[in-house]
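1. Provide a 3D model corresponding to the input given below.
(one chain, ligands or ions: 1)
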Amino acid sequence: MRNAVCPGSFDPVTNGHLDVFERASAMYDTVTIAVLTNSSKSALFTIEERINFITDAVSAWNNIKVVSFQGLLVDFCKQNDISIIVKGLRAVSDFDYELQMAQMNYRLAKVETSFIATNPEFGYLSSSLIKEISKHGGDVTGLVPDKVLSALKAKSASGGTK
Ligand code: PNS
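-> Predicted coordinates for the structure are as follows:
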């Protein structure tokens, strides 16, 4: 069995993330989406909300599951019999940080990282930009799953994204 993990904060998940999940699900026997619980970044959505958005969006792919994690990613991999970390690479700007993490994870526990070149359609997309645009009342239709879109609109209407 080739078990892979797609780790991240996913605050919130975007259609760019979903593209990577779908492509990873075609490449590996199982794909675990591991949502970091207590990132140093302050999250707009709770861990339960972030997991629900993803679970809803990946329901068509039956080899994908969604869980939360904390602590070191390589420990999570060991505990869950996962040998490969899958990340999307959008641009050169992602590369330095991703390479550093990939090399460190390999050094720590011989866990490999595999990069998927992001679909150019989503190359400019990030959770931070989505939050920024939504905060100012901009339209992010088509860039996030429908449930995320509704939740962002609700937060924006209540001043919660400010
Ligand atoms: O979506 P993000 O916030 O860019 O994801 C970063 C993430 C979750 C992949 C990274 O911060 C991580 O792996 N955190 C867990 C702690 C850890 O293992 N740190 C050492 C990485 S070499």
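2. show me where the protein has strands.
-> With strands called from DSSP state E, the chain shows them at 3-8, 30-36, 64-69, 84-89, 112-117.
3. Next, the angle from the longest helix anywhere in the chain to strand 84-89.
-> Secondary structure of the chain per DSSP state H: the longest helix is helix 92-109. Angle between the axes of helix 92-109 and strand 84-89 is 170 degrees (criterion: axes from the mean of the first three to the mean of the last three CA atoms, to 10 degrees).
4. Residue 86 - how many residues pack around it?
-> By other CB atoms under 10 Å, the residues close to residue 86 number 24. Quick note: C-beta positions are derived from backbone N, CA and C, even for glycine.
5. If you could redo that for residue 38, that was the one I meant.
-> 10.
6. Same check on residue 1?
-> Count around residue 1 with other CB under 10 Å applied: 8.
7. Excluding covalently adjacent residues, which one is nearest to it?
-> Spatially, and ignoring its direct neighbours in sequence, residue 1 is nearest to residue 29 (4.7 Å; CB to CB, 6 or more residues apart in numbering).
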